[in-house]
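Trainee: following is a predicted model, sequence given first.
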Amino acid sequence: MTYRESIDWLFSTQMFGIKLGLEGPKRLLKEYLAYPAHGVKVIHVAGTNGKGSTCALIDAVARSGGHRTGLFTSPHLIDYRERVRVSGEEIPEEDCAAMLTELRAICEGLDPHPTFFEISLALAMRWFRERECEIIILETGMGGRLDATTAVPADVCAITPIGLDHMQWLGETVELIAAEKAGIFVEGKPAISAPQEASVRKVLEKEANQRRTPLAFVETPLAGYPVALPGVHQRWNAALALECLYAAEVRLDYEVVLHGLSTVCWPGRFERFSFQDREIVLDGAHNPQGAAVLAETWRGEFRDRKATLIFSAVAAKDIAGILAEVAPLAEVIHLCPVDTPRALPAEELASYLPAGAPLPVLHPSFDSAYQAALAGKGPLLVAGSLFLVGEARARLAGGVFQPCTQ
């Protein structure tokens, strides 16, 4: 298959939905010879907010120390290949196509058919093996206990801040969600957690005790180093990232850490662009906790300056909770649907705005909202769904947006 054909096939497997469980991914990893080689360190990251940033920070510092890294994250913003990187480089189109062609042949003989996420994980792990990666960083797709990434034996587990998200899959309370996230813990292997609210911390401690997992918590944000990702929360993520590398027995020194943290890049999370004399910020704040962090970072960077806001979100999200945090930042609000079957129309999004919010301008598409917003003044904030951020980033950074539901 060509790259385009292979991506079309892979995206068609989204019809098999999400299947939480380890039997399928373990079978596919075995069939495709995709388990990591002996001696390779695997760092597994779960949580609600900050997973991707923490993975990017781990990867950047490890690469700064001269290690060959494999980074598996999701979702992508523009191009599928963003999910699979070796030492910062996306998997090339021709290799991606060749491996998906092999995987298609294997999947046709398996019942039940592997899911989109299981196939993506197998592709990434085989690529990391072929490229002889020394350190592999895996971001969970959803949850932890039954997430496909948990099929890969981990040497260090990390938990970022836990909040309410994916409740239809993981549970209605933060305690139930925390138990699912703690399902990545491995007996005898270290686990590091970001600070958590008291009830969540208690759940993590119980799960670690039962699994005989040595668990430690990050107590202070990182100080003394510049971090290229803006916001106080990124200093907590950086502290967690460094603790993970120490636990993995990766040797670091001041210069290595300094270079890694000062050069790290994680698109779509308070990412700044300048276009036509306008400052544009992209942030995929898709739950209330992430939106609160966005609001805190915005005020830290822009003080009292108000934004022209483009906002969208998908079904099954706490849209009212997100807008309660984001709407007060805005002087003008543009609402639009995103390019996904789970999109909500602008009229429905408007019903979630808090009292006192500016009267919104409704649009049929992102393009319409973007053109209208560019005609305004002041900094432009694109926030809410990662699908929205992906569309915006494709406009600003170039590339063909590949919409995906997983």
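Mentor: It's in. Residues are numbered from 1 along each chain as shown.
Trainee: quick one: the strands in the stretch 151-300 of the chain, in order.
Mentor: Here the stretch 151-300 of the chain has its strands, by DSSP state E, counting those that start in this stretch, at 156-159, 191-193, 215-217, 271-275, 278-283.
Trainee: mean neighbour count and mean pLDDT for those strands - can I get that in JSON lines?
Mentor: The C-beta positions use only the backbone N, C-alpha and C, and glycine is treated the same way. Listed next are these as JSON lines, based on neighbours: other CB atoms under 10 Å; pLDDT from 0 to 100:
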{"stretch": "strand 156-159", "mean neighbour count": "30", "mean pLDDT": "98"}
{"stretch": "strand 191-193", "mean neighbour count": "26", "mean pLDDT": "98"}
{"stretch": "strand 215-217", "mean neighbour count": "16", "mean pLDDT": "98"}
{"stretch": "strand 271-275", "mean neighbour count": "14", "mean pLDDT": "93"}
{"stretch": "strand 278-283", "mean neighbour count": "21", "mean pLDDT": "96"}
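Trainee: could you redo those strands as JSON lines and give each row distance to Ala330?
Mentor: Shown next, in JSON lines, are those (distance: least, CB to CB, whole Å):
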{"stretch": "strand 156-159", "distance to Ala330": "33"}
{"stretch": "strand 191-193", "distance to Ala330": "34"}
{"stretch": "strand 215-217", "distance to Ala330": "35"}
{"stretch": "strand 271-275", "distance to Ala330": "17"}
{"stretch": "strand 278-283", "distance to Ala330": "12"}
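Trainee: among the ones you listed, which is nearest Lys317?
Mentor: strand 278-283 (14.8 Å; CB to CB).
Trainee: and the angle for the closest one with strand 271-275?
Mentor: Relative orientation of strand 278-283 versus strand 271-275 (axes from the mean of the first three to the mean of the last three CA atoms, to 10 degrees): 150 degrees.
Trainee: so which elements touch strand 278-283?
Mentor: Counting by 3 or more CB pairs under 8 Å, 6 or more residues apart in numbering; DSSP states H and E, the packing neighbours recorded for strand 278-283 are strand 271-275, helix 288-302, strand 380-384, helix 386-397.
Trainee: just the ones you listed: most buried one?
Mentor: Stretch with highest mean neighbour count among the helices and strands packed on strand 278-283: strand 380-384 (a mean of 29; mean count of other CB atoms under 10 Å).
Trainee: gap between that strand and the chain center?
Mentor: 17 Å (CA atoms, centre = their mean, to the nearest Å).
Trainee: stretch 266-281 now?
Mentor: So, by CA atoms, centre = their mean, the centroid of stretch 266-281 is 18 Å from its chain's centroid.
Trainee: can you list phi and psi of the residue nearest to Arg342 when sequence neighbours are not counted for me?
Mentor: The shortest distance from Arg342 to any non-neighbouring residue, by CB to CB, 6 or more residues apart in numbering, is to Val314 (4.0 Å). Dihedral angles of Val314 (phi, psi; degrees, to the nearest 10) stand at phi -110, psi 170.
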